[in-house]
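1. Fold the stuff below for me.
(one chain, ligands or ions: 1)
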Amino acid sequence: MDLSTQYLGLELRNPIIVGSSGLTSSVERVKAAEKAGAGAVVLKSIFEEEVALEYDDFMKTAKSFSGESQYFDYDGRKVPVEYYNYVVREENLNKYVTLVEESKKAVSIPVIASINCYFQSVEWLSYAQQLAAAGADALELNMFFPPTDFEQSRMDREQTYFKVTEAVTEKLSIPTALKISHYFTDLGPMIQKLSQTGIGGLVLFNRYFSPDIDVDSMELSNTFVFSSPSDLALSLRWVAIMAEKVDCDLAASTGIHDGDAVIKQLLAGATAVQVASCLYKQGVGHVADLLERLAAWMSRKRFTRIHHFKGKLSQEKTTDPSVYDRVQFMRYYGGKSKAVT
Ligand SMILES: Cc1cc2nc3c(=O)[nH]c(=O)nc-3n(C[C@H](O)[C@H](O)[C@H](O)COP(=O)(O)O)c2cc1C
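-> Sure thing, here's the model as predicted:
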């Protein structure tokens, strides 16, 4: 059985990618992902915001160097106050560059670096260039400008997705993927236009931290860290709708917990899938279960290659395309699907 596939122009031994998360935050974990059978890994993102927060923290606790108030002590190094920002940035980037370099040395599967920067920040390009130089096989732009800034226009926000993506893809010699949310006014046309920016792939969709409320303590809590299998529905629908309308690969993310979910996303038209929550819950060894189920199903259905069935149930290829557009729970449905009313 040949499970290999091409994603972003990279050869993957199979379509299962360990998604950007704590599961890929160290060389040891990247090695474990490869050992479990993953086709590729996306490293935990480097966040510009995290670097800025660390800088703020340092400034609060910074000690002057040997009583010289214009110099600060950074791990025994004498750093002029005005360079502090620069030093914290370099330290963080260097750590991430080392993660890319060491991961590349340790595994033979593709290693995709991931970055998240501020709205309109020049760091998008700067981080991207450094990580490409470090030897990453590809870069994933974890891009989300939350629609919660009421001073900013929707047009500004949307244009920034294009400006950043185009600037990065134009300058970079390695392939780029763009990981997005579903929070767009015109999701379908937006995905299509983003796919025409020169990127190699789109990841549909990222899933974000969402607060919960603890009714006993009446405080905010963080119950919803991991997805559940029913979260598959959103990305499954949009992968299927967009599969034949985009100019790049699609990787499915969110709610893929078992082998059937992998098969569904491939049938919908995904080139690869990214998994995180199911591995947090079941251990990274669960990749082998996903692969086993995929291979058994392919054998039962007499498919020998992924591309023999990829996209067979995309909106364009299915016999009842309207099912993907349907949103209301109405009594009369065509085809085999039955409504619950
Ligand atoms: C603990 C945790 C950390 C994550 N960190 C990142 C990250 O650094 N960058 C990123 O793009 N996505 C991150 N994600 C999102 C995952 O890559 C993935 O897109 C999301 O969890 C949906 O997939 P799932 O349903 O398989 O978990 C994180 C997810 C979790 C649960």
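2. What ranges does the chain have for its helices?
-> Under the criterion DSSP state H, the chain carries helices at the ranges 27-36, 48-61, 84-106, 123-133, 154-171, 187-195, 232-242, 259-268, 277-282, 286-300, 322-325.
3. Residue 187 contacts residue 237, doesn't it?
-> No: counting by Cβ atoms under 8 Å, residue 187 stays clear of residue 237, with 10.4 Å between them. Any C-beta I mention is one placed from the backbone N, CA and C, and that applies to glycine too.
4. neighbours around residue 257, how many?
-> Neighbour count of residue 257, defined by other Cβ atoms under 10 Å: 22.
5. Quick check, pLDDT for it.
-> The per-residue pLDDT reported for residue 257 equals 98.
6. surely it meets residue 226?
-> No: if you go by Cβ under 8 Å, residue 257 and residue 226 don't touch, sitting 9.4 Å apart.
7. Mind listing the shared neighbours of the two?
-> 277, 281 (Cβ atoms under 8 Å, 6 or more residues apart in numbering).
8. that older thread, to the ligand, which of the helices of the chain lies closest?
-> The ligand sits nearest to helix 277-282 of all the helices of the chain, at 3.1 Å, using Cβ to the nearest ligand atom.
9. and that closest one, what does it pack onto?
-> Applying 3 or more Cβ pairs under 8 Å, 6 or more residues apart in numbering; DSSP states H and E, one finds that helix 277-282 makes contact with helix 286-300.
10. So which residues on the stretch 1-150 of the chain come close to the ligand?
-> 19, 20, 21, 22, 44, 45, 114, 142 (Cβ under 6 Å from any ligand atom).
11. which residues touch the closest residue to residue 47 other than its chain neighbours?
-> Of all residues not flanking residue 47 in the chain, residue 116 sits nearest, at 4.8 Å (Cβ to Cβ, 6 or more residues apart in numbering). By Cβ under 8 Å, 6+ apart, the contact set of residue 116 is 45, 46, 47, 48, 49, 141, 142, 143, 144.
12. So among those residues, which ones count as buried?
-> Among the contacts of residue 116, those buried by neighbour count (16 or more other Cβ atoms under 10 Å) are 45, 46, 47, 48, 141, 142, 143, 144.
13. Is it correct that the first one is in contact with residue 22?
-> No: using Cβ under 8 Å, residue 45 is not in contact with residue 22, being 10.9 Å away.
14. Can you pull out the low-pLDDT segments for this protein?
-> 69, 331-341 (pLDDT under 70).
15. let's go with 80 and repeat that
-> Low-confidence segments of the chain (pLDDT under 80): 54-85, 330-341.
16. in it, which residue is closest to the centre?
-> residue 179 (4.8 Å; Cα atoms, centre = their mean).
17. Nearest residue to it in space, please, no chain neighbours.
-> residue 203 (3.7 Å).
18. One more: residue 144?
-> Nearest one to residue 144, counting by Cβ to Cβ, 6+ apart, is residue 181 at 5.3 Å.
19. Quick one: residues contacting that neighbour.
-> 144, 205, 206, 208.
20. make it 10 Å
-> 143, 144, 145, 146, 147, 187, 204, 205, 206, 207, 208 (Cβ atoms under 10 Å, 6 or more residues apart in numbering).
21. how close does it get to residue 92?
-> Residue 181 sits 25 Å away from residue 92, going by Cβ to Cβ, to the nearest Å.
22. same check, this time on residue 8
-> 26 Å.
23. and these two? which has more neighbours close in?
-> residue 8 (24 against 19).
24. surely the more buried one meets residue 169?
-> No: counting by Cβ atoms under 10 Å, residue 8 stays clear of residue 169, with 11.4 Å between them.
25. which neighbours do these two share?
-> Between them, residue 8 and residue 169 share the contacting residues 139, 175, 176, 199, 200, judged by Cβ under 10 Å, 6+ apart.
26. Name the nearest of these relative to residue 40.
-> Lowest distance from residue 40 to the shared contacts of residue 8 and residue 169 (Cβ to Cβ) belongs to residue 175, with 11.7 Å.
27. number of nearby residues for the closest one?
-> 24.
28. thinking again about what came up before, neighbour-wise, which of the contacts of residue 181 leads?
-> That'd be residue 204 among the contacts of residue 181, by other Cβ under 10 Å, with 29 neighbours.
29. Is it correct that that one is in contact with residue 256?
-> No: taking contacts as Cβ under 10 Å, residue 204 lies outside contact range of residue 256: 11.7 Å.
30. Could you name every residue contacting both of those two?
-> By the contact definition Cβ under 10 Å, 6+ apart, residue 204 and residue 256 are jointly contacted by 235, 236, 265, 270, 274.
31. For those, which single residue is the most surrounded?
-> In these, the most neighbours by other Cβ under 10 Å go to residue 270, 33 neighbours.
32. Spatially nearest residue to it, not counting backbone neighbours?
-> residue 252 (4.1 Å).
33. And for residue 99?
-> residue 43 (6.2 Å).
34. what number of residues lie near that neighbour?
-> Residue 43 has 27 nearby residues by other Cβ under 10 Å.
35. Could you check how far it is from residue 176?
-> Taking Cβ to Cβ, one finds residue 43 at 14 Å from residue 176.
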